[in-house]
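Novice: below are the sequence and a predicted model for it; my questions follow.
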Amino acid sequence: MDFHTLYRCLCVFGLSMQIIWGLDEVTLLNPPEEPLPDHLLEILYSCDEPATVQLDFIVSFETGITSTLLLKQWRCVPGNPKIMTLELILPDWLVYQADGIIADSQWVLSCILLATVRYSGFERPVAAQDVATLQPKPFLSRPVKQHQLCITWSTQMLQLTQQLSKKQCPLEQETVHLLSTMYASTGESFGITKTLVPYGSEVLEYSRVKAISIPWCMFSIWIFVTRRCQDNLCGVFYHIDPHNNYITPTLLIKKSGQLHVQMDGESGESSALVSPFKVPLSEWCQISVMLQGRMVTVSMVCVDKEQRSLHSIEHMMGHNVKLDDTEGYFVIGGGKFIRGVEGYFGPLVYYRNRISPHSMPEVVIPDVIRNVNLTGWLQTCQEFHLEMNIKISGYSFKAEQEIESEICFDAFHEWMKKDRLPSSQCELWEVTVPHRRQAAKLAKLLAFKHGERRASLLAVGRALYSLSLHKLSRASSTGVVSRILPLLLQAGCLADNRALHMSSVLYSAGLGVKEQPNKAWLLALLAAQKDDRLALLHLGHLHHQGLHGLPTDPDLAYAYYANIAKQTTLDRHNPTPEQTFVEAVYLNNDEVLNLQTSEHHHIFQWLKLQARRGAAEAEQAVARMLYWGQQGVTPDIQKAARHYERGAVQWEEPVSMYDYGIVLLQGHGVEKDIPKALTFLKKAMDKNFVPAINALAWYYEHFEQDYEQAVQLWEKADLLECPESAFNLGVMYSQGLYPGKAADQFMAYQYYLKSAERGHIRGAIHLASIWTTGIPGRVNRHPSDAVLWVKWAAEHNGYLGSVLRKALDSYLKSDMFSSLLYYMMAAESGYSPAQFNVAYLCDHHMLGFLDPAFASNCMWRYYNLTIQSQNPDTYALIRMGDLLYEGQGDGRFSSAEMYTLAAVRNEPQGWYNLGLLAEEGYKLPLSVLIKLGLSELYLADNSLLLSTLYKRCRDSEDTDSYFPCSLALFNVYLRSFQKDYSAAIKFSTAVAVVAAPTIFLIVLGVFRRPVPSPN
């Protein structure tokens, strides 16, 4: 007797005994372990009185929903126990895989078969029941149903799609790498903003929402602190809600170096804990914060060479912790409300719904940190600092001794000095390794010339940088770079950020040295952390484009760009000789090159002469050149103010009156005189000069606090499309200063957008700031667009303009190596005109000292970068097309794409080159014809296509292209004529050949006929 038969007999016996005692019962004899198709289920049942037996199927989903399905219902008659055998028909979506006919289902948590004996009209309708639990199968483990019906063609096609045949789980952000690389933090109010979105899976989203009041998550972040927090608290990683409050989790660092961890609860209360341990300086540390309900665990592992130190603290919060990670936004580093930590951030991983399985002692330094080797560089620099400090002190002491001996010299000492033999021995501290001799010589020179106070490490670094530039300017080949690079690295080690950035550019571009992206990145990080503007621009460009193997991260790029963009607005209000107006000068534009001048150049002298004669435009041009340092003129604000004054006072020209009023108002180049400034601004406004209206409004707001008058003037100027007025109105709405209106961030956003579109730098920065975080319910995040606006603002920085000016001046002086170097510094920062000029220099014979392989790679790289900008120069498109045509890319199709982009911008060379491709027998793709505005009919008639291309080339605005395009068009017509009338031409030729002898004889006869005599 098998077990099943024995089990049935026991059930029948037990049920018989229950009937004897008058008991109702029902039993599932053979329930399946999992949902199966066509299972025969046996149910043993009995009842005292007429009743109903019911079989239900209960399904509960992980979303919290429970569904009950009625499978079978039948009558129960009192008597002996009976067995009902029925086919268990379960829903197809639970038994089979989804296939287009069978719908997909939610994730099933449990299945229950419930058999009951029921009476109607009683207080307890269920007299007996039995339950069996079925374990649901995973989706991909279920069988595929063989349908016994004809299905539609569309359903068959759906079944063949990869989505249904190979089902994959959607990618969910359960483990989020908020930062996967390194970030150089200057300790200012700039950081990386990140947001999280709800899960796409209903199961995960249900679990996340359910865990908001009982969070079970953790995050870990790597950090390298270079300096203690200068405020009470500095930002590391924190969460901001839509009302600008700190919420769970918030991790800050105190001035003492201790960690401040803050959590908030469901009722709005907040509490914090302070770690007993401190974050050390100049060590990589991984800080982990783990949330398990109300239990908070903060751990820190620091790595110093081969040594590790582990610290940890647990704390039970006095209230329930609330964490909704889709609310508001997260910030790494500094932000609107707090300054960031000075140092470097490494990878940050956030586990949204679990705890990392790795224990703290098992922590391994990430590869991205190890490859950069920041600690190795700092250790080498520390040793170099020690050596140079000893030398500076020693040489300064020797210099003081010589001064004292010169003061206190007598005849005896003079005689002793003459007879004493010169000593050839150096003291031990004077011994220097060969590659540091230049630094030692400069330290000695500075010590003997200025003494120990001025012979500092920074002074030696500046001297090394100046010496490196001097040597590079005299270079005749790229081989010199490898010999000068150690001097630049030493200068950078001694805190000269310009040297760090230049070294980074050399390693990044491979100019004269082997290309080393990791070392270039390290040097850029070092310079950017010290707030070097070009280094910040360089790193923003790297992460915006994802170059040199670095990840593309618009939020990280924004953090760098926003820093230099903010400094740009400050620099423009505080001009210095180190700044120059940014001018986009392309080296292929002879017209603009011919306008470049200087204080002694005939163009500038002619403008000054015209200004003295009363030409208002010349007066404005001279003043503008002197104030901003445009067109090669050295900035001189005092001289510019005098020209502004003459234009305002003598010529009463509104632009000059406005400019003079502004310099008087701000005290630039002249003594500040507000009443006088107001006089000239009002005169300019009376002449309907719109910027003067805005300036007067700013005066009323800033000095008089008369917001009604200020807003009235700004509204007037805004109607006249003044960009700065729109920005100022945005500020008034944002800060709640608009008379009679509450603060309105959305109205402020609209004015910032209007201001930015009109070309206002500060408006662009504020617009980008809003697009980074969004306005809940009104404005969504647009990180990619925010990056473009702050990049545009950052590229107006005067220090970038100074590098561009040095590059252009070197080019005009035929110093091609220096020009290439300076343009490369701007090109590696992502400035498109500089990228074009680098490619142009490498493209032409003027750089004969370059290695041919480097020149070829240089053209390819920088023309390619140029065409990726928002408004690339058409010459770059043409040259890129040529390079692709010559075999450096995917051939004629790609070159046709480049020529097409140039042609649609009315570049005649683009039309001409497309014609040459068509003449070579290459059929232009239909996609190209559509972009050119031509129909597919041109595919069938090559002659018609060629004539159209050359006509558009000829009819362009470029007069230089008229003759060659006309010749090409004439050639097309000539070949077309030859093709169409070749038979007629051949017949005419044959007739001429046959008829020629006859005609010749007739003519000869006529000439031989005797002439009659007059007599």
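Specialist: Noted; the coordinates are in hand. The structure presented is a predicted model; accordingly, all values stated were derived computationally and were not measured.
Novice: can we go C-alpha only for contacts and neighbour counts from here?
Specialist: Noted.
Novice: how is the protein partitioned into domains?
Specialist: Recorded structural domains for the chain (assignment: the TED database) are 25-134, 175-366, 375-401+436-530, 557-582+796-864, 587-687, 695-795, 873-1004.
Novice: let me have those domains in TSV, extended by distance to residue 547.
Specialist: What follows is the domains of the chain, written out as TSV (distance: least, CA to CA, whole Å):
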stretch	distance to residue 547
domain 25-134	42
domain 175-366	13
domain 375-401+436-530	9
domain 557-582+796-864	10
domain 587-687	26
domain 695-795	16
domain 873-1004	19
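Novice: residue 153 is nearest to which of those domains?
Specialist: Among the domains of the chain, the nearest to residue 153 by CA to CA is domain 25-134 (11.5 Å).
Novice: which strands and helices sit next to the longest helix along the chain?
Specialist: Among the segments of the chain that qualify as a helix by DSSP state H, the longest is helix 374-407. Here helix 374-407 touches helix 437-450, helix 457-473, going by 3 or more CA pairs under 8 Å, 6 or more residues apart in numbering; DSSP states H and E.
Novice: swap in 10 Å and give it another go.
Specialist: Contacts defined by 3 or more CA pairs under 10 Å, 6 or more residues apart in numbering; DSSP states H and E place helix 374-407 against helix 437-450, helix 457-473, helix 479-493, helix 517-529.
Novice: looking at those helices, spot the one closest to residue 940.
Specialist: helix 517-529 (50.2 Å).
Novice: which secondary structure elements does that closest one contact?
Specialist: strand 183-186, strand 342-351, helix 367-372, helix 374-407, helix 479-493, helix 497-509, helix 533-545.
Novice: how far out from the middle of the chain is it?
Specialist: The chain centre lies 17 Å from the centre of helix 517-529; the measure is CA atoms, centre = their mean, to the nearest Å.
Novice: quick check: angle from that helix to helix 374-407?
Specialist: Between helix 517-529 and helix 374-407, the angle comes out at 60 degrees (axes from the mean of the first three to the mean of the last three CA atoms, to 10 degrees).
Novice: could you export helix 517-529 as PDB, CA atoms only?
Specialist: C-alpha atoms of helix 517-529 as PDB (Å, rounded to 0.1, in the frame of the first residue of the first chain):
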ATOM      1  CA  PRO A 517      45.800  61.000 -19.900                       C
ATOM      2  CA  ASN A 518      46.000  60.000 -16.200                       C
ATOM      3  CA  LYS A 519      48.900  62.300 -15.400                       C
ATOM      4  CA  ALA A 520      47.200  65.100 -17.300                       C
ATOM      5  CA  TRP A 521      44.100  64.500 -15.300                       C
ATOM      6  CA  LEU A 522      46.000  64.500 -12.000                       C
ATOM      7  CA  LEU A 523      47.700  67.900 -12.800                       C
ATOM      8  CA  ALA A 524      44.300  69.400 -13.800                       C
ATOM      9  CA  LEU A 525      42.700  68.200 -10.600                       C
ATOM     10  CA  LEU A 526      45.600  69.800  -8.600                       C
ATOM     11  CA  ALA A 527      45.200  73.100 -10.300                       C
ATOM     12  CA  ALA A 528      41.400  73.100 -10.200                       C
ATOM     13  CA  GLN A 529      41.400  72.300  -6.500                       C
END
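Novice: now residue 295: closest residue in space that isn't a chain neighbour?
Specialist: Excluding the flanking residues, the one nearest residue 295 by CA to CA, 6 or more residues apart in numbering is residue 316, at 4.6 Å.
Novice: how about the contacts made by the one you found?
Specialist: Counting by CA atoms under 10 Å, 6 or more residues apart in numbering, residue 316 touches 273, 292, 293, 294, 295, 296, 297.
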